[in-house]
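J.: after the sequence you'll find the predicted model.
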Amino acid sequence: MTELRPLDSGFMELEDSDRHISLGIGAVAIISGAPPSRSELSGVVAKGVRRNARLRQKVRRAPLDLATPVWEDDPNFDLAHHIRWTALPAPGDEAALCELVATELEERLDRDHPLWQCVVVEHLAADRWALLVKAHHSLVDGVSGISVFRSFCDAVAEEPNDPVTEPPSRTEVRRPDLVRELSRLPVVVPRSVVAMTRGLAPLLSAVVSPATECSLNGPIGRQRRYVVARAALSDVHEIGAVFGVTVNDVVLAVVAAAYRELLVGRDERPSPDKLRILVPISMRSEQAKYTLDNRVSAVLPFLPIEVADPVERLRAIRERMNRHKSGGEAQAEKSVLALAGLVPFAPLAWSLRLLARFPQRTVGALVTNVPGPREQLTVRGRVVSELLPAMPIAMRLRTAVAVLSYAGHLTFGITGDYDTAPDIAVLAEGIEREIRRLWERAGIRRPSRPEEIRP
């Protein structure tokens, strides 16, 4: 048995706090040719399951959450619980696929079993099929979520051949009993709370600073929408080289332009304090590349949606991200998560549950950029032409943008609340339009057209 890390447990508490949300992270592979047979596909998935013990484990929680939840082997593990087959109606186009992805994001994973699922989607147009791999956020973050999908692909040179092993935890060494956990509360909790408060100071100052009311923040329902935008990774690299910024700066700048268009279309003024976003920062080492858990921190910048000029907006993004990184926000949150591991789980769980009842009103969207495989992947010899990221929404965030690089392409998967974000296609169109604008300002050559990027 292995204890859940504090952040992993936090995602379960967050999901429990709101019946409208499901915290499953998805990756959708578009694959050429006909799908394999059911037995062949089962063999592919079984191979990946053998490589990672976490895929055969479920979460066991203690009564009243008095002890930390643990991952334990599912004695009744059955691969059939985790593979589903479905098909798109004619004409099997992208709109139909996006509608299916949105529906999958609505469905919670069954906690009586290991928290992941594969969905085979047949009848895509142009002689293709799709494989949607979904795992609970308590099991994976963006990087480790992609590693789950890779475990179902044909082997590539850089992947380990041996089964992935988990680092030892204090559960595996010695499981503290509930009496000892309770006895530590009066001493450990006050001391840890003080330390955590000091470490969290940079993030707290961002959260409590005022933000203008924005239609992107508010209650959300159960249904979802999902759309996709695309770019050639080489185009984004060249834009960054011309203006002396990173790929992530370019990504945030084009997302800022898209949100500006969205808000203007809603007759909202794009002011400087209108849209603060949550930007996860990976803290995962190379050694933990294939370990299934969450190893992220975050920064909370305001997007410069008030800036109309594309180049000025890109430079504003660079300056703001440099300021946030040098201010130590990500490292502060990392230290807080480490301290959280020293606190008995009961007060931690109870505190998270209480905090979840208070609606946050300072963050308007989530934007995450995940580096995916550089090489082209295959499944039973069939080429994976595209990988689409799909992120859940929660905490009053009515939209989320997940960005994934793969084999020279950059894909933006945009999730929205069905009722309060019916216009998220504006975000997809705005992202592709802004990349073309930056190319024009860079003055190098014609950027790739969306239809040229789409395999």
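T.: Cool, the structure landed. Residues are numbered from 1 along each chain as shown.
J.: where do the strands sit along the stretch 1-150 of the chain?
T.: For the stretch 1-150 of the chain, applying DSSP state E, counting those that start in this stretch gives strands covering 2-3, 24-32, 57-60, 70-73, 83-87, 116-124, 128-136.
J.: buried sites along the helix or strand hosting residue 432?
T.: Using DSSP states H and E, residue 432 falls within helix 425-442. Residues of helix 425-442 classed as buried: 425-439, 442 (neighbour count, 16 or more other CB atoms under 10 Å). For every residue, glycine as well, the C-beta is placed using N, CA and C.
J.: just the CA trace of it, in CSV.
T.: Only the C-alpha atoms of helix 425-442 are listed here, as CSV (Å, rounded to 0.1, in the frame of the first residue of the first chain):
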residue,chain,number,x,y,z
ALA,A,425,-15.5,28.3,-30.3
VAL,A,426,-14.5,32.0,-30.2
LEU,A,427,-11.5,30.9,-28.1
ALA,A,428,-10.4,28.3,-30.6
GLU,A,429,-10.8,30.7,-33.5
GLY,A,430,-9.1,33.5,-31.6
ILE,A,431,-6.0,31.3,-30.8
GLU,A,432,-5.5,30.3,-34.5
ARG,A,433,-6.1,33.9,-35.6
GLU,A,434,-3.6,35.4,-33.1
ILE,A,435,-0.9,33.0,-34.2
ARG,A,436,-1.3,34.3,-37.8
ARG,A,437,-1.2,37.9,-36.5
LEU,A,438,2.1,37.3,-34.7
TRP,A,439,3.5,35.8,-37.8
GLU,A,440,2.5,38.8,-39.8
ARG,A,441,4.2,41.1,-37.2
ALA,A,442,7.3,38.8,-37.2
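J.: packing partners of it?
T.: strand 224-232, helix 233-243, helix 247-265, helix 310-326, strand 409-417 (3 or more CB pairs under 8 Å, 6 or more residues apart in numbering; DSSP states H and E).
J.: average pLDDT for the third one, rounded please.
T.: Meaning helix 247-265. Mean pLDDT, computed over helix 247-265, is 97.
J.: just to revisit the earlier point, make CSV out of the strands of the stretch 1-150 of the chain and add distance to residue 248 and mean pLDDT.
T.: Below are these laid out as CSV (distance: least, CB to CB, whole Å; pLDDT from 0 to 100):
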stretch, distance to residue 248, mean pLDDT
strand 2-3, 32, 83
strand 24-32, 19, 96
strand 57-60, 33, 94
strand 70-73, 32, 93
strand 83-87, 35, 97
strand 116-124, 28, 97
strand 128-136, 24, 97
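J.: which among those is found nearest to residue 225?
T.: Nearest to residue 225 among the strands of the stretch 1-150 of the chain is strand 24-32; the distance by CB to CB comes to 14.2 Å.
J.: got the angle between the closest one and strand 409-417?
T.: If you take axes from the mean of the first three to the mean of the last three CA atoms, to 10 degrees, strand 24-32 sits at 130 degrees to strand 409-417.
J.: name the strands paired with strand 24-32 and say parallel or antiparallel.
T.: Strand 24-32 has its sheet partners listed here by DSSP bridges as strand 128-136 (antiparallel), strand 382-390 (antiparallel).
J.: which helix or strand in the chain has the lowest average pLDDT?
T.: Every helix and strand in the chain was compared by mean pLDDT, DSSP states H and E; the lowest is helix 170-173, with a mean of 40.
J.: show me what contacts residue 301?
T.: 252, 276, 277, 279, 320, 321, 324 (CB atoms under 8 Å, 6 or more residues apart in numbering).
J.: I misspoke; the intended subject was residue 280.
T.: Residue 280 touches 141, 142, 296, 297, 298, 366, 368, counting by CB under 8 Å, 6+ apart.
J.: ok, now how distant is residue 214 from residue 253?
T.: As judged by CB to CB, to the nearest Å, residue 214 and residue 253 stand 19 Å apart.
J.: so which of these two has more stuff around it?
T.: residue 253 (29 against 24; other CB atoms under 10 Å).
J.: phi, psi of residue 154?
T.: Note on residue 154: backbone dihedrals following degrees, to the nearest 10 are phi -60, psi 150.
J.: a markdown table for the strands paired with strand 24-32, including distance to residue 152 and mean neighbour count?
T.: Compiled in a markdown table, the strands paired with strand 24-32 are given as follows (distance: least, CB to CB, whole Å; neighbours: other CB atoms under 10 Å):
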| stretch | distance to residue 152 | mean neighbour count |
| --- | --- | --- |
| strand 128-136 | 7 | 24 |
| strand 382-390 | 10 | 22 |
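J.: will you turn those strands into TSV that also has distance to residue 230?
T.: Output for the strands paired with strand 24-32, formatted as TSV (distance: least, CB to CB, whole Å):
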stretch	distance to residue 230
strand 128-136	16
strand 382-390	8
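J.: and residue 45, which of those is closest to it?
T.: Taking CB to CB, strand 128-136 is the member of the strands paired with strand 24-32 nearest to residue 45, at 9.2 Å.
J.: for the closest one, give me every contacting residue.
T.: With contacts defined as CB under 8 Å, 6+ apart, strand 128-136 is touched by 11-12, 23-35, 97, 100-101, 104, 109, 115-124, 145, 148-149, 152, 292, 379, 385, 390.
J.: could you pick out the buried ones from these?
T.: Among the contacts of strand 128-136, those classed as buried by 16+ other CB under 10 Å are 11-12, 23-32, 35, 97, 100-101, 104, 109, 115-121, 123-124, 145, 148-149, 152, 292, 379, 385, 390.
J.: tell me who's in contact with residue 111.
T.: Counting by CB under 8 Å, 6+ apart, residue 111 touches 58, 59.
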